[in-house]
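> fold the following and give me the result.
(one chain, ligands or ions: 1)
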Amino acid sequence: MALLEIQGLSKHFGGLHVTADVDFTLDAGELHCLIGPNGAGKSTFFRLILGVVSPDRGKIVLAGKDITRLKPFQRVHEGMSVKFQVPGIFKTLSVSQNLQTALQHNCDADALAGKIAEMLDFLGLAAEARSPAGNLSHGQKQWLEIGMAVCLKPRLLLLDEPTAGMSPKETEATGELVKSLNAQGVTVLVVEHDMAFVRQVAQRVTVMHLGRIFAQGTVEEVMADSRVEAIYLGRSHA
Ligand SMILES: Nc1ncnc2c1ncn2[C@@H]1O[C@H](COP(=O)(O)OP(=O)(O)OP(=O)(O)O)[C@@H](O)[C@H]1O
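A predicted model of the protein is given here:
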C-alpha cells in the first residue's frame with residue numbers, strides 16, 4: 001500500500017526546472033534511498049515533501065490525504081518526521097532531557113522514564129544519558145536526533161544525509177539503527193551520498209538527475225545500470 005504518492009510535482013527557480021514533473025510512490029514499510037549527482041534536485045524534492053518549498057504544480061498525498069498545501073508543522077501532525085543534516089538537538093540539555101522534549105507530547109507522565117530508558121538503549125546512548133548533548137560525538141548527536149524524530153511516532157521518517165561527516169564505523173552503526181527502525185515498522189526515505197550506506201540499508205533506490213527520476217530499482221539493479229554510472233561520472237545527458 002502506498003504511504004506517499006506524488007504526482008506531477010514541479011518546481012522551477014527562474015529558468016531552472018529543479019523538480020520536473022516527478023511521479024514517485026513510497027510504499028508503507030519501505031526503506032528507500034534517494035540518490036543522484038550534485039545538483040540533481042534531491043534536496044529540493046525533499047523540501048517539497050516537507051512543505052518548506054511550495055510546488056508550482058503537482059500533488060502530494062500522505063496516507064490517502066492530500067497534503068500539497070499543508071504547512072510543514074501540519075505535515076508533522078499528519079505523521080511526517082524529519083532529521084536534517086545539521087543536528088537540531090538542545091546542546092545544553094542532557095541526552096535524556098532531549099529525548100524527553102520529543103516524547104512528552106505523546107507519552108503519559110508515568111511511562112516517560114521507561115520510554116526514555118528504552119530509547120537510550122536503542123540508540124546506544126545509555127552511558128551518556130546525563131551528559132549534555134553538546135558533549136556527544138558527531139555520530140552520537142545524529143543518532144540522538146534520529147531518536148528524537150522517532151519519538152514523534154512518525155508514519156514517515158525523512159532523513160537528509162544522516163551519515164554526513166561520519167567515520168565509516170559511525171556510518172555502519174547508523175545503517176544498523178535505520179534498518180532496525182524500519183524493522184519496527186517505520187517507513188523511511190533517505191537522501192544520501194554515501195553509497196556504502198545505500199548498499200547497507202536500501203530496499204529500493206531512486207536516482208534523480210536534472211530534476212527528474214532517472215532510474216529506480218533495487219540497489220543491485222541501479223548499480224549495474226551503466227547510465228547511472230555515466231551521470232555520476234559527469235556525462236550529464238546519458
Ligand atoms: N532556492 C533556490 N534558488 C535558486 N536555485 C536553487 C534553489 N535551490 C536549489 N537551486 C538549484 O537547483 C538545483 C538543484 O539543487 P538541489 O540542492 O535540489 O540538488 P541536490 O541534488 O540536493 O544537490 P546536492 O547533492 O549538491 O545537495 C541546483 O542547480 C541548485 O543550484
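> which residues touch residue 71?
residue 51 (CB atoms under 8 Å, 6 or more residues apart in numbering). No exception for glycine: its C-beta is placed from N, CA and C like everyone else's.
> ah, wrong one, I meant residue 82
So residue 82 contacts 50, 149, 157-160 (CB under 8 Å, 6+ apart).
> top of these by neighbour count?
Sorting these by how many neighbours each has (other CB atoms under 10 Å) puts residue 159 first, at 26 neighbours.
> is that residue in a bridge, and if so with what?
residue 83, residue 190 (DSSP bridges).
> would you mind checking which helix or strand in this structure has the lowest mean pLDDT?
When each helix and strand of the chain is scored by mean pLDDT, DSSP states H and E, strand 80-83 comes last, with a mean of 86.
> list just the nearest of the contacts of residue 82 to the ligand.
Ranked by distance to the ligand (CB to the nearest ligand atom), the contacts of residue 82 are led by residue 160 at 9.0 Å.
> that closest one contacts residue 88, doesn't it?
No - applying CB atoms under 8 Å, one finds residue 160 not in contact with residue 88, separated by 11.1 Å.
> so where's the protein shaky on pLDDT?
By pLDDT under 70, the weakly predicted segments of the chain are 85-87, 234-238.
> please list the residues of it that sit near the ligand.
13, 16, 18, 36, 38-44 (CB under 6 Å from any ligand atom).
> so which of these belong to strands?
13, 16, 18 (DSSP state E).
> what does the helix or strand containing residue 102 contact?
Using DSSP states H and E, the element containing residue 102 is helix 95-103. Helix 95-103 has contacts (CB under 8 Å, 6+ apart) with 89-90, 93, 112, 115-116, 119-120, 125, 128-131, 133, 136, 144, 147-149, 151-152.
> same check on stretch 50-70?
By CB under 8 Å, 6+ apart, the surrounding residues in contact with stretch 50-70 are 2-12, 19, 21-22, 44, 47-49, 71-72, 74-75, 78-80, 82, 155-156, 158.
> what are the buried residues along that stretch?
Residues of stretch 50-70 classed as buried by neighbour count (16 or more other CB atoms under 10 Å): 50-51, 53, 55, 58, 60-63, 67-68, 70.
> likewise stretch 79-93?
By neighbour count on 16+ other CB under 10 Å, the buried set for stretch 79-93 is 79-83, 87, 89.
> tell me the centre residue of this protein?
residue 159 (1.8 Å; CA atoms, centre = their mean).
> quick revisit: and the buried residues of stretch 50-70 as a markdown table, adding secondary structure?
Formatted as a markdown table, the buried residues of stretch 50-70 follow (DSSP: H, G, I helix; E, B strand; the rest coil):
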| residue | secondary structure |
| --- | --- |
| 50 | helix |
| 51 | coil |
| 53 | coil |
| 55 | coil |
| 58 | strand |
| 60 | strand |
| 61 | strand |
| 62 | strand |
| 63 | coil |
| 67 | coil |
| 68 | coil |
| 70 | coil |
